[in-house]
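Engineer: Give the three-dimensional model of this entry:
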Amino acid sequence: MLELQENHGTAFDKTNQEDEKAKVQITSPAENHILATVIMADAGQVGKIAAANQAVDENVKPGQIVGIGSGSTIVFAVKRIAERNQSEKLNLICIPTSFQARQLIQDYGLALGSLETSPEIDVAIDGADEVDANINLIKGGGGCLMQEKIIASCAKELFIIADDRKDSVALGTSWKKGVPIEVLPMAYRPVQLRIEQVLGGQAKLRMASNKAGPVVTDNGNFLIDWVFDGVQNWEQVDMQLKNIPGVIETGLFLNMTKAAYFGTPDGKVIVRTK
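Structural biologist: Below is the predicted model:
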């Protein structure tokens, strides 16, 4: 079900819409987190801000335990939560999905919690690499898929925020980097071979861009990106991947999302629910 809604809380200057760029005021206590208080936001960022603001305003309530996702869009969601917390005293406990999320929670002065003390989460807000027509997701482009899935599984409701470029009819239509898979380092090579034998395609070890060697997750594991062709039976694929020894978790988030918020370049928000 699709619903087009006007976003009334978007933090951008409408006078610059003709150029699809806007000035966005972002203030954070941590200078190393945001390098300037005023940035030029492209159309994608305008969409992210719109989606983040509306998702937070509609779903975050006082006294909740909130799961905080990872990625570029989450920065705007946490900023909006912090703005509301300052004016409304929301009294939230925020559970991070990554080192980045933990820093955001602390930098914006929100209460940091953990699954040890708060194993049941009211609402989780996260981003996605791609969202299909049934609001199934590919996640893990940022390398935090295992913790993100744990938090999502503990949440009563999962809401996804993204710009409208992440909206897709079928997984793999726009996201061409494959399904991220977290694996034990000692098993990465046999896992690669097994994936290609069972499912075809290419299973690529994700290499780091700013260090020699592979990307290492927050959990000390490696990532394999499985690049596939065509539409898949995702429930079956997910099960087959998890049955391979050495696979810890996949970036397939199936039947977990309550709604996805897609922000458009002009600041409107498309809400997709099942």
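Engineer: hey, let's count contacts and neighbours off CA atoms from now on
Structural biologist: Fine.
Engineer: CA atoms only for stretch 52-60 - export them in PDB, please.
Structural biologist: Only the C-alpha atoms of stretch 52-60 are listed here, as PDB (Å, rounded to 0.1, in the frame of the first residue of the first chain):
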ATOM      1  CA  ALA A  52      13.700  10.700   8.800                       C
ATOM      2  CA  ASN A  53      11.700  13.600  10.200                       C
ATOM      3  CA  GLN A  54       8.300  12.000   9.300                       C
ATOM      4  CA  ALA A  55       9.200   8.500  10.500                       C
ATOM      5  CA  VAL A  56      10.400   9.900  13.800                       C
ATOM      6  CA  ASP A  57       7.500  12.200  14.300                       C
ATOM      7  CA  GLU A  58       4.900   9.500  13.500                       C
ATOM      8  CA  ASN A  59       6.400   6.600  15.400                       C
ATOM      9  CA  VAL A  60       8.700   7.700  18.300                       C
END
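Engineer: Wait, a helix at residue 106?
Structural biologist: Yes - under DSSP: H, G, I helix; E, B strand; the rest coil, residue 106 falls within a helix.
Engineer: contacting residues for it?
Structural biologist: By C-alpha atoms under 8 Å, 6 or more residues apart in numbering, the contact list for residue 106 reads residue 112.
Engineer: cool, the one 4 residues further on as well?
Structural biologist: For residue 110, the contacting residues are 82, 92, 93, 94, by C-alpha under 8 Å, 6+ apart.
Engineer: any chance of the residues you listed in a markdown table, plus distance to residue 223?
Structural biologist: Output for those, formatted as a markdown table (distance: C-alpha to C-alpha, whole Å):
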| residue | distance to residue 223 |
| --- | --- |
| 82 | 32 |
| 92 | 33 |
| 93 | 30 |
| 94 | 27 |
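Engineer: State the pair within the residues you listed that is farthest apart.
Structural biologist: Using C-alpha to C-alpha, the two most remote members of the contacts of residue 110 are 82 and 93, lying 11.9 Å apart.
Engineer: Run a quick neighbour tally on residue 57.
Structural biologist: Neighbours of residue 57 under the rule other C-alpha atoms under 10 Å: 14.
Engineer: Kindly apply the preceding question to residue 168 instead.
Structural biologist: With other C-alpha under 10 Å as criterion, residue 168 counts 18.
Engineer: Just the pLDDT for the nearest residue to it once chain neighbours are set aside.
Structural biologist: Leaving aside its chain neighbours, residue 168 sits nearest to residue 132 (4.8 Å; criterion: C-alpha to C-alpha, 6 or more residues apart in numbering). Looking at residue 132, its pLDDT stands at 96.
Engineer: could you measure residue 132 against residue 125, distance?
Structural biologist: 17 Å (C-alpha to C-alpha, to the nearest Å).
Engineer: Who has more neighbours out of the two?
Structural biologist: residue 125 (28 against 18).
Engineer: Go ahead and list the helix or strand containing that one.
Structural biologist: For residue 125, the host element (DSSP states H and E) is strand 121-126.
Engineer: Can you identify the element that follows that strand toward the C-terminus?
Structural biologist: Counting by DSSP H and E, what follows strand 121-126 is strand 130-131.
Engineer: Figure out how far that following strand is from the centre of its chain.
Structural biologist: Chain-centre distance of strand 130-131: 10 Å, with C-alpha atoms, centre = their mean, to the nearest Å.
Engineer: Contacts made by that strand with the rest, please.
Structural biologist: Against strand 130-131 from outside (C-alpha under 8 Å, 6+ apart): 137-139, 166-172, 174-175, 260.
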